[in-house]
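A.B. asks: Sequence plus predicted model, see below.
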There are 2 protein chains.
Amino acid sequence: MSELHPFDAAIALKPLAEGEAQGHTSPAYANFIGPYGGITAAQAIQAVLRDPRLLGEPIALTVNYAAALADGPFVARTRPARTNRSTQHWIVELLQGEETVVTATVMTAARRETWSGHEAGMPDVPRPADVPRTPRQGVAWLNRYDMRFLTGFVPRKWEGQGDAESLTRLWLRDEPLRPLDFASLTAMADTFFPRIWLRRAKQTPVGTVTMTVYFHADGAQLAATGTQYLLAQARGQGFRNGYFDHAGQLWNEQGDLLATTHQVVYFKE
Amino acid sequence: MSELHPFDAAIALKPLAEGEAQGHTSPAYANFIGPYGGITAAQAIQAVLRDPRLLGEPIALTVNYAAALADGPFVARTRPARTNRSTQHWIVELLQGEETVVTATVMTAARRETWSGHEAGMPDVPRPADVPRTPRQGVAWLNRYDMRFLTGFVPRKWEGQGDAESLTRLWLRDEPLRPLDFASLTAMADTFFPRIWLRRAKQTPVGTVTMTVYFHADGAQLAATGTQYLLAQARGQGFRNGYFDHAGQLWNEQGDLLATTHQVVYFKE
């Protein structure tokens, strides 16, 4: 392939100075209003990944959506607030004009081999090849993923018949195919449609305000996962007075837990 | 009571300038080395709560433990990176000398009344009065809590016999009694001993590197909860090459979900 993958084009950052790079929102990952939050999170972590001062690989990311990004350029500011022998703590801001639109913290580390043994096992589900692709229409970013829902799809009727439970499970990969890395895994952690739509079967306006991703895989494991499908799972926890949260997990086809993720979403009513 | 509660003494901050206040580590909340992480998180959120520029109440906090705090004073720096009509995004740093020891982001909001309905229900457990207090010895901060373990207590034998599962449930409240607020709820979100000790029954050295708390209760609900016990629950998810995470929930005695919490913990082997 000589042409740049839309994801690589979307997360491309042009160095401006130490700790400063310029990016641009991507029409290929547009949401209803402004960009898909997953691509914004990927841009925030990419700003750290491309910083020459980086030590190790990402362990944890928290990204806060402070304001709606306008379509157009932004500046990513990265600062290693603390560098230790094997860990580093970053503060990141994305700015448009002089206004902060995203804040983030990223913790990176050089891992050592230790005892390992994941507790959150992959649920027993059909293989991706045995699950039909779920047709999804609408905004651009949905076309960037091959999604195969196992349970908890968007309600087909919006008549307030909502479920008591908001569990969703789907197989998921980039469209077109692209080998997995930290940036694309970050973006995939935000693919869950709002849990409140499942709970209520009512399309109340929503917006993610903060998302955290914990990386259990290292770069080698992501590279080995390659273009496999990921099993993505999320379930709501608290829903009260304008905000709800969900907790989620992402495994590769072998059942390796690659990441866990949580987020808080604003809802209007 | 004319004497200051140890928790209030621990989170006291003296204003130095706009966005700058001085605090001090608290011997009453000492851990093995340095302070209990929960009190550090409480100090970080308290720095925002006391900032006169605050809009609304906390919705989400992420605190990153960038370095071990030395016993002694620290400076808390708070900056409202973005203020919208009803939400605000804060960046917080705690410094000792000129070194950053903690980074944090806090999202606050003025909530409106909406449809509400928590999905994560309180498990069916005996009432606190029917559960004996669990004797715990050792570091100072353990004496600041009345803990009544229901399941998943610290292993009594450290012979590597570990469980496959790291679920812990306990009733918990301040000792001496103190009405619940955002700062004390934040501290309580970090009371879980390391999940890897349960998994492995081996006291490998550990340290929390990042913790997130999502607040589902507002200040009025915390005040109404008062000095009740909270049911605190946590379970490990991924454990690999030096880092594991857990997901947790805290309910009051009526079964209201007050907060959800997640953290990543470093472990040596």
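C.D. replies: Great, that's in hand.
A.B. asks: hey, let's count contacts and neighbours off CA atoms from now on
C.D. replies: OK.
A.B. asks: which regions of the stretch 101-250 of chain A sit below the pLDDT cut-off?
C.D. replies: Scanning the stretch 101-250 of chain A for pLDDT under 70 picks out A:163.
A.B. asks: all helices of it, in order?
C.D. replies: A:182-188, A:195-200, A:219-225 (DSSP state H, counting those that start in this stretch).
A.B. asks: roughly how far out does the last one sit from the chain middle?
C.D. replies: Between the centre of helix A:219-225 and the centre of its chain there are 17 Å (CA atoms, centre = their mean, to the nearest Å).
A.B. asks: Chain B contacts on the stretch 101-250 of chain A?
C.D. replies: A:101, A:103-105, A:107, A:111-120, A:164-165, A:210, A:214, A:216-217, A:236-245 (CA under 8 Å from any CA of the partner chain).
A.B. asks: ChimeraX command to pick out the buried ones of those?
C.D. replies: Only the buried entries of those go into this ChimeraX selection, using 16 or more other CA atoms under 10 Å in any protein chain shown:
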select /A:101,103,104,105,107,111,117,118,119,120,165,210,214,216,217,236,237,238,239,240,241,242,243,244,245
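A.B. asks: re earlier: how about the helices of the stretch 101-250 of chain A in TSV, adding mean neighbour count and distance to A:A129?
C.D. replies: As requested, these are exported to TSV (neighbours: other CA atoms under 10 Å in any protein chain shown; distance: least, CA to CA, whole Å):
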stretch	mean neighbour count	distance to A:A129
helix A:182-188	23	20
helix A:195-200	24	26
helix A:219-225	15	16
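A.B. asks: is it possible to export those helices to TSV including distance to B:A183?
C.D. replies: Output for the helices of the stretch 101-250 of chain A, formatted as TSV (distance: least, CA to CA, whole Å):
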stretch	distance to B:A183
helix A:182-188	30
helix A:195-200	28
helix A:219-225	37
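A.B. asks: nearest to B:L55, of these?
C.D. replies: Nearest to B:L55, of all the helices of the stretch 101-250 of chain A, is helix A:195-200, at 25.5 Å by CA to CA.
A.B. asks: Excluding sequence neighbours, find me the nearest residue to A:G160.
C.D. replies: Leaving aside its chain neighbours, A:G160 sits nearest to A:A201 (4.6 Å; criterion: CA to CA, 6 or more residues apart in numbering or on different chains).
A.B. asks: Give the burial count for the one you found, as a bare number.
C.D. replies: Counted with other CA atoms under 10 Å in any protein chain shown, the neighbours of A:A201 add up to 19.
A.B. asks: Does it touch A:F153 like I think?
C.D. replies: No - if you go by CA atoms under 8 Å, A:A201 and A:F153 don't touch, sitting 11.0 Å apart.
A.B. asks: tell me what the helix or strand where A:A41 lies is packed against?
C.D. replies: For A:A41, the host element (DSSP states H and E) is helix A:37-49. Packing partners of helix A:37-49 (3 or more CA pairs under 8 Å, 6 or more residues apart in numbering or on different chains; DSSP states H and E): helix A:6-11, strand A:57-65, strand A:73-83, strand A:87-96, strand A:99-109, helix A:182-188.
A.B. asks: out of those, deepest packed?
C.D. replies: strand A:57-65 (a mean of 26; mean count of other CA atoms under 10 Å in any protein chain shown).
A.B. asks: For that one, enumerate the helices and strands it packs against.
C.D. replies: Partner elements for strand A:57-65 (3+ CA pairs under 8 Å, 6+ apart): helix A:37-49, strand A:99-109, strand A:206-215.
A.B. asks: got the angle between that strand and helix A:37-49?
C.D. replies: Between strand A:57-65 and helix A:37-49, the angle comes out at 130 degrees (axes from the mean of the first three to the mean of the last three CA atoms, to 10 degrees).
A.B. asks: And strand A:57-65, how far out from the chain middle?
C.D. replies: Counting by CA atoms, centre = their mean, strand A:57-65 is centred 10 Å from the centre of its parent chain.
A.B. asks: Quick check: mean pLDDT of that strand?
C.D. replies: Regarding strand A:57-65, the rounded mean pLDDT is 98.
A.B. asks: Equivalent analysis for stretch A:4-22, please.
C.D. replies: 98.
A.B. asks: Export it to CSV, keeping only CA atoms.
C.D. replies: Taking C-alpha atoms only, stretch A:4-22 is exported to CSV below (Å, rounded to 0.1, in the frame of the first residue of the first chain):
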residue,chain,number,x,y,z
LEU,A,4,-1.5,6.4,3.9
HIS,A,5,-4.1,4.6,6.0
PRO,A,6,-6.8,7.0,7.1
PHE,A,7,-5.9,6.3,10.7
ASP,A,8,-2.3,7.2,10.1
ALA,A,9,-3.3,10.3,8.3
ALA,A,10,-5.6,11.3,11.2
ILE,A,11,-3.0,10.9,13.9
ALA,A,12,-0.1,12.5,12.0
LEU,A,13,1.5,15.3,13.9
LYS,A,14,4.0,17.9,12.6
PRO,A,15,6.7,18.9,15.1
LEU,A,16,6.7,22.6,15.9
ALA,A,17,9.1,22.8,18.9
GLU,A,18,10.1,20.7,21.9
GLY,A,19,6.8,19.5,23.4
GLU,A,20,4.7,21.0,20.7
ALA,A,21,3.3,19.5,17.5
GLN,A,22,0.5,20.4,15.1
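A.B. asks: what's in contact with it?
C.D. replies: Under the contact criterion CA atoms under 8 Å, 6 or more residues apart in numbering or on different chains, stretch A:4-22 has outside partners A:23-26, A:28-29, A:39, A:42-43, A:46-47, A:51, A:73-79, A:176, A:178, A:184.
A.B. asks: now swap in stretch A:93-102 and tell me
C.D. replies: Residues contacting stretch A:93-102 (CA under 8 Å, 6+ apart): A:44, A:63-70, A:73-78, A:92, A:103-104, B:81-82.
A.B. asks: Just the CA atoms of stretch A:259-268, as CSV, please.
C.D. replies: Taking C-alpha atoms only, stretch A:259-268 is exported to CSV below (Å, rounded to 0.1, in the frame of the first residue of the first chain):
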residue,chain,number,x,y,z
ALA,A,259,-6.7,-3.1,27.7
THR,A,260,-9.4,-2.1,30.2
THR,A,261,-11.2,1.1,29.9
HIS,A,262,-13.7,3.4,31.7
GLN,A,263,-15.4,6.6,30.8
VAL,A,264,-17.9,9.2,32.0
VAL,A,265,-20.5,10.4,29.5
TYR,A,266,-22.7,13.5,29.8
PHE,A,267,-26.4,12.9,28.9
LYS,A,268,-29.0,15.7,28.6
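A.B. asks: May I see the buried residues of it?
C.D. replies: A:A259, A:T260, A:T261, A:H262, A:Q263, A:V264, A:V265, A:Y266, A:F267.
A.B. asks: what number of residues lie near the closest residue to the third one other than its chain neighbours?
C.D. replies: The reference is to A:T261. Excluding the flanking residues, the one nearest A:T261 by CA to CA, 6+ apart is A:V213, at 4.4 Å. Using other CA under 10 Å, the number of residues around A:V213 comes to 25.
A.B. asks: so who does A:V213 touch?
C.D. replies: A:A60, A:L61, A:T62, A:T186, A:A189, A:A259, A:T260, A:T261, A:H262.
A.B. asks: rerun that using 10 Å as the cut-off
C.D. replies: Counting by CA atoms under 10 Å, 6 or more residues apart in numbering or on different chains, A:V213 touches A:41, A:58-63, A:106, A:185-187, A:189-190, A:248-249, A:259-263.
A.B. asks: again with A:R178
C.D. replies: A:H5, A:P6, A:F7, A:D8, A:S184, A:G226, A:T227, A:Q228 are the contacts of A:R178 under CA under 10 Å, 6+ apart.
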